[in-house]
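Asks: Sharing a model that was predicted from the sequence below.
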Protein chains: 2
Amino acid sequence: MTEHPPAKARRGRPRQAEVARLAGVSQTTVSLVLGGNKQGIVLHPDTRARVLEAAKELGYVPDPAARRLAAARNNLLGVFSFTATFPTAVEHSYYPFLVGVEQEAAVHGYDLVLFTGSSSGGAQAGTSGALERVRLADGCLFLGRHVPADELRRLVEHGYPAVHIGRRDELEGLAWVGADYVEASAEVVRRLAELGHRRVVLVREDDDAPASTDRERGVREALDAAGLDATDAVVRAADPATDITADWLRGRLTEGVTAFVAEETDTGAAWRALLAAVEDAGLDAPADLSLALLGSPPADLAERPEPTGFDIPRAELGAAAVRALTTLLATGETESPLVACAFRPGNTAGPAPAP
Amino acid sequence: MTEHPPAKARRGRPRQAEVARLAGVSQTTVSLVLGGNKQGIVLHPDTRARVLEAAKELGYVPDPAARRLAAARNNLLGVFSFTATFPTAVEHSYYPFLVGVEQEAAVHGYDLVLFTGSSSGGAQAGTSGALERVRLADGCLFLGRHVPADELRRLVEHGYPAVHIGRRDELEGLAWVGADYVEASAEVVRRLAELGHRRVVLVREDDDAPASTDRERGVREALDAAGLDATDAVVRAADPATDITADWLRGRLTEGVTAFVAEETDTGAAWRALLAAVEDAGLDAPADLSLALLGSPPADLAERPEPTGFDIPRAELGAAAVRALTTLLATGETESPLVACAFRPGNTAGPAPAP
DNA sequence: ACTTCTCGCTAATCCGCATTAGCACCGAAA
DNA sequence: TTTCGGTGCTAATGCGGATTAGCGAGAAGT
């Protein structure tokens, strides 16, 4: 007869109201005890204890959405990647970031929300508003070579705390953490120069991601600094697999090029192409020519000779990103640190062959 | 003087209320137009158009927190692993699950919250109530060989939607998805029998995880079915590295054993020990004896000959787990599917040597 | 002309939590 | 006895949107 709502009784997670009932206090009090009580309202220790016990007994956990809505924070950090976060194919590329992110987030008491849908055409991938969902979290990390700049800009302009993993200063006000590709790439070229190489070629993808342009810049700067010829020193290959062939390689060799440097990308296409071309040409590195990789080799090429180049401290970058984000959340201060990469001697580069 | 709140006026994004004002309709109408309008309420096309235009003009984007709050579900799935979710060392063991989980979650429009045994709330890690944190998500996936059964039971009894990756029927009411280790292991043994092996030994860890006992069962069943001698057919090695030696191997060989099967575990210890013993004994597989691995080889052993055995469809398992969880959330129905493993011919097993 | 129906739209609530205002009580000061 | 100042707690409200109940007005039926 009466319209009692007991049907909802055991439905879903316990609310503060239920904790309140069990503890014999008001919902407000529960909120005060469980939330920070930043208002400095005085509560009797016994009440406090009762509430805590009731909450534990019921297994109460605050609803993150409600917390956010009430203009508070929910201790959730988002991670949004523009290429799938767990892509089968490029396994090794992004995973290490998460290692660092996860650890550092734990240190700061945050849980991680992985925003999916960026990957694998999920429920609403590609939708123009897809980025907005990250607002559920207190702040968010963004990851990927290509990022929808306008959407991200909107978030940032509205004051949403965001940190990009990877340099990205063209986007005013966006905090980021980046690897110092310029310096790391320059160092690789300097080493090659020291080994006697007078002409070096960089093979990069035909793409203007900061990660690529930074590497090119480093290479060019080092060439300049060493007084080397930078003519045709950079090759943009739209499709490395077809552009970088044994013939092409021989051609460059006859021009006096003795060292080839490839940039690392998600797919490692440039490096793969280079290795294939060298093999096809029946040549050997580092005997006939030197090779270097501006980054880490793809996982499936692990058994190949270790490439000369540098390692990107991915876990460290992930951790730095979390630190930047928590700082942003706490103080509102934007910081964009540049993390150094470690030179990796490897064994694909050697002294330049005598002319 | 007056305590007007205009400070918040131009703050942040537009609300539905503002869109409504601009379009000259009510907030409800805006919600109807912009939201799904699952109620099938009839709206005039013109009204609809006006609202859409107003929304576009203002650049309206719904607040995900509010949306989720009103919907009484936050579209979050938890992933809880009892070993760190992102362990650098055992990288390959759990990672593939996540690949499948992430993709399938995206398909269903869920985002992921990552909980790890270690992190779970930096503030109060290790607390016995650590598991309660997962209640933050609509439902949760559990992952790991060893799981605190009583804590999990509490959650399940409270009606919390949980799915375990890996068979686990001893826990009444818990849904799980598992690989069919019994059948897969049996098949491996059947193949060995077909190759003429009359005595087969399984090397397993001294541990009662379902994943181990299932494999043993499959092996025993296949031995029985083939009418083979199952005496001493199973060896429990607390520490495979010291128990499985070249001497031990020779001993078994003289007893007539011609094939050795190892189970796969996080560390791959049993398989490693077996390989080492064979090498130490100066023997060769598959010439002198046959080897098989009930699972996939550890990543660092990739360059070794491909083990005969089976592959665990980890990504598929992850995806199946998400499907089971979403079904549980939607219909309340618990399902526990068993996913088949694919036999991997490999090249460590061959015909039994003539006696 | 009077009841019924749609059709189109809106007022009122609720979701779960945080915050604001303020109430009831009690001992101390006047 | 009245007033005052804490102390300890709660009612009420709002965040932004989804949902439910239901209200006018014109069309249709009788």
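Replies: On my side now, so go ahead. All values derive from a computational prediction rather than experimental measurement.

Asks: Chain A against DNA strand C: which residues are in contact?
Replies: A:12, A:15-17, A:27-28, A:31-32, A:34-36, A:38-39, A:41, A:60, A:62-63, A:66-67, A:69-72 (Cβ under 7 Å from any atom of the strand). Heads up, the C-betas are built off the backbone N, CA and C, glycines and all.

Asks: Low-confidence bits of the stretch 101-250 of chain A, can you list those?
Replies: Residues of the stretch 101-250 of chain A meeting the criterion pLDDT under 70: A:117-129.

Asks: Now do the helix or strand containing A:Gly218: everything it contacts.
Replies: Per DSSP states H and E, A:Gly218 falls inside helix A:210-225. Residues outside helix A:210-225 that contact it (Cβ atoms under 8 Å, 6 or more residues apart in numbering or on different chains) are A:145, A:166-168, A:170, A:178, A:181-190, A:193, A:200, A:202, A:204-205, A:229-230, A:233-234, A:261, A:263, A:265, A:294.

Asks: are any of these buried, and which?
Replies: Buried residues within those, counting neighbours by 16 or more other Cβ atoms under 10 Å in any protein chain shown: A:145, A:166-168, A:178, A:181-190, A:193, A:200, A:202, A:204-205, A:230, A:233-234, A:261, A:263, A:265, A:294.

Asks: Narrow those to those in helices?
Replies: Residues from the buried ones among the contacts of helix A:210-225 lying in helices, with DSSP state H as the criterion: A:181-190, A:193.

Asks: which two from these end up farthest apart in space?
Replies: Greatest spatial distance among those (Cβ to Cβ): A:Tyr181 and A:Ala193, at 18.2 Å.

Asks: circling back to that earlier point, near chain B, from the residues of chain A next to DNA strand C?
Replies: Filtering the residues of chain A next to DNA strand C for proximity to chain B by Cβ under 8 Å from any Cβ of the partner chain leaves A:12, A:60, A:62-63, A:66, A:69.

Asks: Could I have the buried ones of these as PyMOL selection syntax?
Replies: Only the buried entries of these go into this PyMOL selection, using 16+ other Cβ under 10 Å:
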select buried, chain A and resi 60+62+63+66+69
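
Asks: nearest to DNA strand D, of the ones next to chain B among the residues of chain A next to DNA strand C?
Replies: Closest approach to DNA strand D among those (Cβ to the nearest atom of the strand): A:Leu69, at 3.9 Å.

Asks: what pLDDT does the closest one get?
Replies: For A:Leu69, the model assigns a pLDDT of 91.

Asks: residue contacts, A:Leu329?
Replies: Residues in contact with A:Leu329 (Cβ under 8 Å, 6+ apart) are A:73, A:138-139, A:161.

Asks: Am I right that it is in a strand?
Replies: No - under DSSP: H, G, I helix; E, B strand; the rest coil, A:Leu329 falls outside any strand and is assigned helix.

Asks: Alpha carbons of the helix holding A:Gly218, as CSV, please.
Replies: Taking Å, rounded to 0.1, in the frame of the first residue of the first chain, the C-alpha atoms of helix A:210-225 are listed here in CSV:
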residue,chain,number,x,y,z
PRO,A,210,57.7,17.4,-31.5
ALA,A,211,59.5,14.2,-30.8
SER,A,212,60.6,14.1,-34.4
THR,A,213,61.5,17.7,-34.9
ASP,A,214,63.5,17.8,-31.6
ARG,A,215,65.6,14.9,-32.8
GLU,A,216,66.2,16.6,-36.1
ARG,A,217,67.2,19.8,-34.3
GLY,A,218,69.7,18.0,-32.1
VAL,A,219,71.2,16.2,-35.1
ARG,A,220,71.5,19.5,-37.1
GLU,A,221,73.0,21.4,-34.1
ALA,A,222,75.6,18.7,-33.5
LEU,A,223,76.5,18.6,-37.2
ASP,A,224,76.9,22.4,-37.3
ALA,A,225,78.9,22.4,-34.1
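
Asks: Report the angle between that helix and helix A:181-194.
Replies: Relative orientation of helix A:210-225 versus helix A:181-194 (axes from the mean of the first three to the mean of the last three Cα atoms, to 10 degrees): 40 degrees.

Asks: And the closest residue to DNA strand C within the stretch 251-355 of chain A, how far from B:Arg133?
Replies: Going by Cβ to the nearest atom of the strand, DNA strand C is nearest to A:Leu329 of the stretch 251-355 of chain A, at 14.4 Å. For A:Leu329, the distance to B:Arg133 equals 20 Å [Cβ to Cβ, to the nearest Å].

Asks: now swap in A:Arg272 and tell me
Replies: Going from A:Arg272 to B:Arg133 by Cβ to Cβ gives 43 Å.

Asks: near DNA strand D, which residues of the stretch 1-150 of chain A?
Replies: Applying Cβ under 7 Å from any atom of the strand, one finds that the stretch 1-150 of chain A approaches DNA strand D through A:24-29, A:32, A:41-44, A:46-47, A:69-71.

Asks: And for the single nearest residue of the stretch 101-250 of chain A relative to DNA strand C, the neighbour number?
Replies: In the stretch 101-250 of chain A, the residue that lies nearest DNA strand C is A:Asp138 (12.5 Å; Cβ to the nearest atom of the strand). Neighbour count for A:Asp138, taken as other Cβ atoms under 10 Å in any protein chain shown: 24.

Asks: Check the contact between it and A:Arg67; I expect there is one.
Replies: No - assessed by Cβ atoms under 8 Å, A:Asp138 is found out of contact with A:Arg67, at 9.4 Å.

Asks: If you count neighbours, what's buried in stretch A:339-355?
Replies: Neighbour-count burial for stretch A:339-355 flags A:339, A:341, A:344, A:346, A:348-350, A:352 (criterion: 16+ other Cβ under 10 Å).

Asks: ah, wrong one, I meant stretch A:47-56
Replies: A:48, A:50-52, A:54-55.

Asks: Specify the residue ranges that define each domain of chain A.
Replies: Under automatic domain parsing, the residue ranges defining each domain of chain A are A:6-62, A:76-180+A:315-339, A:181-311.

Asks: tally of neighbours for the one residue in the stretch 151-300 of chain A that gets nearest to chain B?
Replies: For the stretch 151-300 of chain A and chain B, the shortest gap (Cβ to the nearest Cβ) falls at A:His158, measuring 5.8 Å. Applying other Cβ under 10 Å, we find 13 residues neighbouring A:His158.

Asks: State the distance from it to B:Thr348.
Replies: 59 Å.

Asks: do A:His44 as well
Replies: 70 Å.

Asks: so how far is B:Leu76 from the spatially closest residue to A:Leu114 that is not a sequence neighbour?
Replies: Using Cβ to Cβ, 6 or more residues apart in numbering or on different chains and skipping residues adjacent in sequence, the residue nearest A:Leu114 is B:Leu112, 4.1 Å away. Per Cβ to Cβ, B:Leu112 is found 7 Å from B:Leu76.

Asks: Equivalent analysis for A:Gly346, please.
Replies: On the measure of Cβ to Cβ, A:Gly346 and B:Leu76 end up 43 Å apart.

Asks: same thing with A:Leu338?
Replies: For A:Leu338 relative to B:Leu76 (Cβ to Cβ), the value is 34 Å.

Asks: Among those two, which residue is more densely surrounded?
Replies: Legend: neighbour count by other Cβ under 10 Å for A:Leu338 and B:Leu76, higher for B:Leu76 (23 against 14).

Asks: Which residue, neighbours along the chain excluded, lies closest to that one?
Replies: Nearest non-adjacent residue to B:Leu76 (Cβ to Cβ, 6+ apart): B:Ala137, at 4.2 Å.

Asks: residue contacts, the residue of the stretch 101-250 of chain A closest to DNA strand C?
Replies: Contacts of A:Asp138 by Cβ under 8 Å, 6+ apart are A:68, A:73-77, A:110, A:161, A:329.

Asks: Which stretches in the stretch 51-200 of chain A count as helices?
Replies: Using DSSP state H, counting those that start in this stretch, the helices of the stretch 51-200 of chain A run over A:64-69, A:91-107, A:149-157, A:181-194.
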